[in-house]
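>>> Pasting a predicted model and its sequence here:
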Amino acid sequence: MTMRYADVVVDLSADAVDRFFTYAVPDDMPVGPGWQVNVPFGPRALEGFVVRMKDSCDLPPNKVKPIRDCVRDYAVVLPDLMELSDWMHKRYVCNRVDTLRLMIPAKMRGDRVHEAQTRFAHLTLNAEEARAFIENNKRAKAQCALVESLLEGDKPTPELNSSALRALVEKGAVVCTLEERFRTPASLKHIEPAADPELMPEQKRAVDQINAALEKDGGRFLLNGVTGSGKTEVYIRVIRHALAMGKSAIVLVPEIALTPQMVSWLHARFGDTAAVLHSRLSDGERYDEWRRIRFGKAKVVIGARSAVFAPVENLGVIVVDEEHEHTYQSDKRPRYDAREVARHRAESAGAVLILGSATPSVETYMRVQPTVRPENRLELIELRQRVKGRPLPEVDVVDMRGELEKGNRSIFSTKLLVSLKHCLAEGRQAILFMNRRGYSTFVSCRACGYVVKCGQCDVSMTYHRTDETLRCHYCGATQAPPKVCPQCGSRYIKYFGVGTQQVEEEVKKCFPEARTVRMDNDTTRQKDAHEKLIDEFRSGRANVMIGTQMIAKGLDFPNVTLVGVIAADATLNLPDYRSVERTFQLLTQVSGRAGRADVPGKVVIQTYDPDHYGIRLAAKQDFRAFYEKESVFRRRALYPPFTVIARIVYTAKTAEQAQAAAEADAEKLDQWIDETGIRRDVIQMRALEAPISLLRGMSRWQIFMKVYFRVDMNAVAVKMQSLADSVPDGISAEVEINPTNLF
Ligand code: ADP
Ligand code: ZN
Ligand code: ZN
C-alpha cells in the first residue's frame, strides 16, 4: 500500500510559517484537500488546512509526522475556494492562512466549536407570564434580560449567561434541549412569499442578455440603471435562471443592516433557498447559515463583502449591488477588494458577474469603454427608465447664500420648509439627509480660530447635544466643551455646522405634527437597531426620517415624496481626490429615494455651491455627463484610475520613530525603483507625515507613492510588504494599494 501525504497550511498567521508543511496520512483516515485537521507542530498541536494530497514526499520518513485527526469530516474549503485562496495570497501579498480564515466562520476555528448538536434554551412561559416574571423579579437583572431575549426565540446555551440560565432552569421557566437546529436570523422571519412581476422591456432585455451568457461560459456586466429602474428584479430573474440550471448565486450588498430590503425581497422570492451571511449575525446564526450553504440546502447567498467566500458549489452568478460603495474594499489585512475577488471567482467558475449601480465608480465605468482590452472589459447594460414609466424626481437646487441675504438664518431654506409642510399635510413621508461626516459640529473660537481637537487623534471633536459632551469619532474620547477659549481666553466659543440631532430638533420645532426617526451612528449602535428604525418609518409610525449616509442607499419607501439634502457641499471639499465623486454618488442615491411609487417625488438640495458639476449633474441624475467631466479631471490631475496610489503607513509611539522608519524605507524604495528601471513611471514617491498625524495616541507617517498604471503593481506591493515586514520593533507598518481612505 502506498503512503499518502498531505500538504498543510497551519492556522497560525506569521510570515515564518507561511508555507506548506507535509504530514503523513494515517491509513484509515478519510481526508482530502480543504479539510481542517489537527497536526503536531513542534511541541504543540495546531489546526491547519489540507491544501493538497500527494503520494510521495522528499523528506526522510522519520521527519514526517502524521496528522493527528480531522476537525470535521468534510472539506471546509471547497476546491475553487482553495484556488481563490492561492490567488489572493499572491494578489494581496498576505499569508495563506489569512485568506483561508476568511472562508469559514470564526466559530469553526480553535476550541470555540459547538458541533452539530447544540444545547438550546427554551422559554416555557408565554409572553404574558414572561412579563409577569420580569415585573416580579426586577432585581434579578440578568435573569430578566435572559427571559426577554428568549421571548424572541430559542437561543443556544453557550451564548447565554450561565448563572442566570441555571437559576431559570431551577425555577422551571426554561428548559434546555440538545438538538441540531438551524437558527434563522431574526431578519428573515415572517417574510411572505411574493410572485414575479412582469418585466419592463428594458429589464427584459437585460435579463435575456445576461441569461444568454449564463448558458454559455459566463460574462461580466455593468448594470447601470437610474434609481428606481428595478435592478433588483433583473438580479432576481437571472438568479432564478441559474437555479433552474442547477447552479447557485451570491449577492453582495454594501452593508446588510442598511439594505434589509434586499434580504427580504430575495427571501420572499426564494424562500429557504436563500441564506444570509454577515457580521451582525450571532456566531451561532452565522455557523448555521454557513452549513446550510455548504450542504446545498441554500443556494442563494446574500451578504456583505465576505459573502464572496460563501461555500456554494456550481456557482452561476455573482451580483455586486451598489458596486461603487467603498465597503467592498477590506480595511484590514488581507486588504482585498470583494469586487475583484468576485470577478476572479466568477471567471474561474465560468459564472456571470453583474456589477450594479446607478452611479458606478469612475474606475468601473472606465472598463466599459471600447478601448479597454477585451479580457478586462465589462459589458454595459443600461436601464434608463424607472419602472412603470415613473418620472425621476423633480429636483430644486437652492443657493443657501441667497437665503442668508434674505435674512433666513435657519438650517432650512424657505423652499424646503414649504415643501415639507405640503408633504406632511398630504400624509406623505419625507427624508432629510445630513451628511454629518464632512460637516460635523466642531467647536471653534470666533476670536482666534482655535478648534477643539482630540488630544489623542489630531482631529476636531464633535459636539453631542444629548449629553453636552465633545466626542472624538476616531477613538471615542470625550470631554466637556470649554466655556472660554483655551488659547486666547475669549468667551466667543461657538458650535459650528449642523448634525442630525440639530436637524431633528429643528423639524420638531417647526412642525409639531412631525413624527421623526433619526438614523446615524449614535442611534444604530445596537444589534437590529437599523431594522427597528427602518420599520418604524416603513410602517408609517414616523413620517420624517433624518439620517446620514446610511439612509442614502437601497431603501425603497413608496410613501416618500420629499427628500431634502441639508448641506450638499459638506463633502465636496474634503482633502481626497474622490470627494466630488462621493458627493455625486450620495446626492444621486439619496435623491433616488423620492417618488418610487405612484406619486411623483420632489427633491430639494441645499448648497452654497450650486454651480458645481458634482451637484448640478446629481440633480439631473446624469451619470454619463458626470463621468465625462470627472474622468477628464482625473486624467489631468494624474489620479486613479489613470494612476495607482500605494502607500505604507507607519505608526509609532513618537513622531520621530515613525518618521525615521518612513524615511529609511523611502530611501530603500528609491533605490529599488532605480534597480527595477521603473523610475520614469513613478510620478511621486516620498516620506511625509500622514494627514491624520496622531491617531489613538500613536504618531503616523507614510510613504506616499503614485505611479502610472502600467507599472507592475504586484512587484511594488511585494517590495512594500517586505519593507513593512522588517520595520524595527515598536513600529507597525501597513501597506495599502489604492486605499479608500487616505487619512
Ligand atoms: P433600483 O435598485 O434600480 O433603484 P429597485 O430594484 O429598488 O430599483 O426597484 C424599484 C421598485 O420597483 C421596487 O419597489 C420594485 O419592487 C419595483 N419593481 C421593479 N421591477 C418591477 C416590475 N417589472 N414591475 C413592477 N414593479 C417593479
Ligand atoms: Zn480663541
Ligand atoms: Zn481621538
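Thanks, I have it. As the structure is a computational prediction, the values presented were derived from the model and not from experiment. Ligands and ions are numbered 1, 2, ... in the order given.
>>> Distance of the closest residue to ligand 2 within the stretch 501-650 of the chain relative to ligand 3?
The minimum distance from the stretch 501-650 of the chain to ligand 2, using CB to the ion, falls at residue 502 (23.1 Å). The C-beta positions use only the backbone N, C-alpha and C, and glycine is treated the same way. Separation of residue 502 from ligand 3 (CB to the ion, to the nearest Å): 22 Å.
>>> One more: residue 644?
Taking CB to the ion, one finds residue 644 at 31 Å from ligand 3.
>>> does residue 22 belong to a helix or a strand, and which?
strand 21-25 (DSSP states H and E).
>>> Tell me the helix or strand right after that strand.
Taking DSSP H and E, what comes next after strand 21-25 is strand 35-41.
>>> buried set for that next one?
Using 16 or more other CB atoms under 10 Å as the test for burial, strand 35-41 gives 35, 36, 37, 39, 41.
>>> Could you do stretch 5-15 as well?
In stretch 5-15, counting by 16+ other CB under 10 Å, buried: 5, 6, 7, 8, 9, 10, 11.
>>> Then stretch 472-485?
472, 473, 474, 477, 485.
>>> Can you tell me which of the buried residues of strand 35-41 lies closest to residue 166?
residue 36 (32.9 Å; CB to CB).
>>> gap between the closest one and residue 291?
According to CB to CB, to the nearest Å, residue 36 stands 14 Å off from residue 291.
>>> which residues are contacting the strand holding residue 22?
3-10, 31, 37, 39, 41, 48, 53-54, 57, 59, 64-67 (CB atoms under 8 Å, 6 or more residues apart in numbering).
>>> now the helices for the stretch 251-400 of the chain?
Using DSSP state H, counting those that start in this stretch, the helices found in the stretch 251-400 of the chain span residues 260-270, 283-294, 338-349, 362-366, 400-405.
>>> TSV for those helices, including mean pLDDT and mean neighbour count?
Listed next are the helices of the stretch 251-400 of the chain as TSV, based on pLDDT from 0 to 100; neighbours: other CB atoms under 10 Å:
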stretch	mean pLDDT	mean neighbour count
helix 260-270	87	20
helix 283-294	90	22
helix 338-349	97	21
helix 362-366	95	20
helix 400-405	82	14
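>>> Any chance of CSV for those, columns distance to ligand 2?
Shown next, in CSV, are those (distance: least, CB to the ion, whole Å):
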stretch, distance to ligand 2
helix 260-270, 46
helix 283-294, 50
helix 338-349, 46
helix 362-366, 41
helix 400-405, 24
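>>> Out of these, flag the one nearest residue 143.
Between these, helix 283-294 lies closest to residue 143; by CB to CB that is 21.1 Å.
>>> Check which helices and strands that closest one sits against.
strand 274-277 (3 or more CB pairs under 8 Å, 6 or more residues apart in numbering; DSSP states H and E).
>>> check contacts around the closest residue to residue 652 other than its chain neighbours.
Spatially, and ignoring its direct neighbours in sequence, residue 652 is nearest to residue 658 (4.0 Å; CB to CB, 6 or more residues apart in numbering). Taking CB under 8 Å, 6+ apart, we find residue 658 in contact with 650, 651, 652, 699, 700, 701, 731.
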